[in-house]
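# Just the structure for this:
(chains A, B, C and D)
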Amino acid sequence: MDTITILRLTRDPIDLNALQRAVTTPRDGAVVIFTGTVRGQTGAHQTSWLAYEAYEAMALEKLRQVAEELRARFPLVHGLALVQRIGEMEVGEPTVAVVVAAAHRGDGAFEAARYGIDRLKQIVPVWKREVRPDGSTWVEGDYFPTPHDKAR
Amino acid sequence: MDTITILRLTRDPIDLNALQRAVTTPRDGAVVIFTGTVRGQTGAHQTSWLAYEAYEAMALEKLRQVAEELRARFPLVHGLALVQRIGEMEVGEPTVAVVVAAAHRGDGAFEAARYGIDRLKQIVPVWKREVRPDGSTWVEGDYFPTPHDKAR
Amino acid sequence: MTLTVQVFATLKERAGAPTLSLELAGPITVRELRARLGEQHPELAELFARALVAVNREFAFDHEAVQPTDEVALFPPVSGG
Amino acid sequence: MTLTVQVFATLKERAGAPTLSLELAGPITVRELRARLGEQHPELAELFARALVAVNREFAFDHEAVQPTDEVALFPPVSGG
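Presented below is the predicted three-dimensional model:
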């Protein structure tokens, strides 16, 4: 069974067309992509841009763990890309992409993409600094890993 | 409230990067894309390429209906694109795209994308002809609309 | 008056043309439309019986009326996406 | 031996440096690591107490051991994606 897995931390812009092509095997007719983007307005709150930093060596290992967990749960997924961009990103730009390819849309493609982004946001050591018109702040997440979040 | 809706039947290749940019409003941090691709292998069955034909005038009206139904069900969706490509497409190429932008991934973005493709495949008058090494056949769907499938 | 009926996909292929013509004296029902087209093209009657019908770009069902001036189409269940 | 501890995000900003050093005679626990770093940098003790700890690129918890030769990092809950 040919499957494709792409795990990437990158400073380059995320190219959704290239990722779709890269993960789609000849057996696949359905691709689901989640991409996070820099939100400029959250109610009255304004964000100018975001800067992402990673603990790169660990982030790559944890991306691999997310991929392994996802494949254990969604065995009909053939192609998978988990891409986290780091560095500075403007409002509207993709910061992360989870791309899942399967034969049919009912093969868990939507659920796998959701799992991928949920898990990435829990355990992959990346942080964003929010830059606003009046200053900047590191954003802290709210998930505290437990021993269950170790790779198997 | 600024929302964006793109409805398109096109002979041009689908550009996921451009669609993501086009539907993402400054309030949005989450974009979910479903794209259908030409599947080359279905078990032992081989497909060489697909040719899509539409009843174009009605297809555009039914794409609009899908968009209206989707927005009624997923009011937190800000940006939406429903793009059906027609003409000839090779294995691996996107044939359709449903792109949904919302502030957060929990705002119904995944469910809305799934609704959009499910409904498009039920009521938008487009047909594919499958070309195989040994000939070609029009593919017929299996959904028979009822009066409930009329636009409101 | 002559009603022009657009056909798509399998129906177009089997009919050998993108449109069929039907002479109408006045309004008929969708059910009658299928029957009349079947009488005119007996080899396609079974296809017409199963086909979806659209009148003025909206799905139309057995007891609905078709005017000779309507935009009418027959086609198989859709297979896009 | 000197243990080098990488810090990220808020912790790096507050520490004013990407790494902290700690002299170790031998293995300690993660809990002791937090305490020793807090004694050395009292103004950051509260941050260290709440921080996530990674040992050799894996999350590590209170009673787990840290060797002076390990790759160790402290950071806040992640906020990527």
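
# thought A:V99 was touching A:D28?
No: assessed by C-beta atoms under 8 Å, A:V99 is found out of contact with A:D28, at 11.1 Å. Every C-beta, even on glycine, is put in place using the N, C-alpha and C of the backbone.

# got any residues that touch both of those two?
Common neighbours of A:V99 and A:D28, using C-beta atoms under 8 Å, 6 or more residues apart in numbering or on different chains, are A:G79.

# Tell me the spacing between the closest residue to chain D within chain A and D:K12.
Across chain A, no residue is closer to chain D than A:V126, which sits at 2.7 Å (C-beta to the nearest C-beta). For A:V126, the distance to D:K12 equals 14 Å [C-beta to C-beta, to the nearest Å].

# quick revisit: and the residue of chain A closest to chain D, what's its pLDDT?
Note for A:V126: predicted pLDDT of 98.

# got it, and the one 5 residues further on?
On pLDDT, A:V131 comes in at 96.

# Dig out what it forms beta bridges with.
A:W49, A:S136 (DSSP bridges).

# need the contact list for it.
A:V131 touches A:T47, A:S48, A:W49, A:L50, A:A51, counting by C-beta under 8 Å, 6+ apart.

# 10 Å - rerun?
Neighbouring residues of A:V131 by C-beta atoms under 10 Å, 6 or more residues apart in numbering or on different chains: A:T47, A:S48, A:W49, A:L50, A:A51, A:E88, A:T137.

# Same check on C:S79?
Contacts of C:S79 (C-beta under 10 Å, 6+ apart): B:50, B:52-53, B:121, B:125-130, B:138-143, C:9-10.

# out of these, which are buried?
By neighbour count, with 16 or more other C-beta atoms under 10 Å in any protein chain shown, the contacts of C:S79 hold B:50, B:52-53, B:121, B:125-130, B:138-139, B:141, C:9-10 as buried.

# Of those, which is the nearest to A:A113?
Ranked by distance to A:A113 (C-beta to C-beta), those are led by B:K121 at 18.9 Å.

# ok, and the closest non-adjacent residue to the closest one?
Distances taken as C-beta to C-beta, 6 or more residues apart in numbering or on different chains place C:G81 nearest to B:K121, at 4.0 Å, with adjacent residues excluded.

# The residue of chain C found nearest chain D: neighbour count?
Distances between chain C and chain D by C-beta to the nearest C-beta are smallest at C:G81, namely 29.0 Å. As a burial measure, C:G81 scores 24 neighbours (other C-beta atoms under 10 Å in any protein chain shown).

# Assess the claim that it and B:V96 are in contact.
Yes: with contact defined as C-beta atoms under 10 Å, C:G81 reaches B:V96; the gap is 4.9 Å.

# shared neighbours, the two?
With C-beta under 10 Å, 6+ apart, C:G81 and B:V96 have common neighbours B:F34, B:T35, B:G36, B:Y52, B:Q84, B:I117, B:L120, B:K121, B:V124, B:V126.

# Tell me how far the residue of chain A most remote from its centre lies from D:S21.
Distance from the C-alpha centroid of chain A, by C-alpha atoms, centre = their mean, peaks at A:D134 (28.7 Å). To D:S21, A:D134 is 35 Å away according to C-beta to C-beta.

# roughly how far is stretch C:27-46 from the heart of the chain?
7 Å (C-alpha atoms, centre = their mean, to the nearest Å).

# Show me what counts as buried in it.
Neighbour-count burial for stretch C:27-46, counted by 16+ other C-beta under 10 Å, picks out C:I28, C:V30, C:L33, C:R34, C:R36, C:L37, C:G38, C:L44.

# Report the contact partners of the second one.
With contact set as C-beta under 10 Å, 6+ apart, C:V30 has these partners: C:53-55, C:59-66, C:72, C:74.

# Look up which helix or strand the closest residue to the residue of chain A closest to chain D other than its chain neighbours falls in, please.
In this structure, A:V126 finds its nearest non-sequential neighbour in D:G80, 2.7 Å apart by C-beta to C-beta, 6+ apart. Element membership for D:G80, per DSSP states H and E: none, as it lies in no helix or strand.

# where exactly do the strands run in chain C?
Under the criterion DSSP state E, chain C contains strands at C:2-7, C:19-23, C:28-29, C:52-55, C:58-60, C:65-66, C:72-75.

# just checking, what packs against the third one?
Just to be clear, that refers to strand C:28-29. helix C:30-40, strand C:65-66 (3 or more C-beta pairs under 10 Å, 6 or more residues apart in numbering or on different chains; DSSP states H and E).

# mind putting the ones you listed in JSON lines, distance to A:L76 and mean pLDDT included?
Shown next, in JSON lines, are the helices and strands packed on strand C:28-29 (distance: least, C-beta to C-beta, whole Å; pLDDT from 0 to 100):
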{"stretch": "helix C:30-40", "distance to A:L76": "41", "mean pLDDT": "97"}
{"stretch": "strand C:65-66", "distance to A:L76": "45", "mean pLDDT": "98"}
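
# Now for chain A: which helix has the highest residue count?
helix A:56-73 (DSSP state H).

# Quick one: residues contacting C:K12.
Going by C-beta under 10 Å, 6+ apart, the list of residues near C:K12 reads B:E53, B:W127, B:W138, C:Q6, C:P18, C:T19, C:L20, C:L74, C:F75, C:P76.

# Tell me how far it lies from B:V131.
17 Å.

# so where's chain A shaky on pLDDT?
Within chain A, the stretches with pLDDT under 70 are A:1.

# Buried ones in stretch C:61-78, by neighbour count?
Quick answer for stretch C:61-78 (16+ other C-beta under 10 Å): C:V66, C:P68, C:D70, C:V72, C:A73, C:L74, C:F75, C:P76, C:P77, C:V78.

# could you pick out which of the residues you listed are near chain A?
When C-beta under 10 Å from any C-beta of the partner chain is applied, no member of the buried residues of stretch C:61-78 is adjacent to chain A.

# And those, which is closest to B:G108?
Nearest to B:G108 among the buried residues of stretch C:61-78, with distances taken as C-beta to C-beta, is C:V78, at 25.1 Å.

# Surely that closest one touches B:W138?
No: look at C:V78 against B:W138 with C-beta under 10 Å: they stay out of range, at 11.2 Å.

# before we move on, back to that, now which of the contacts of A:V131 would you call buried?
Applying 16+ other C-beta under 10 Å to the contacts of A:V131 flags A:T47, A:W49, A:L50 as buried.
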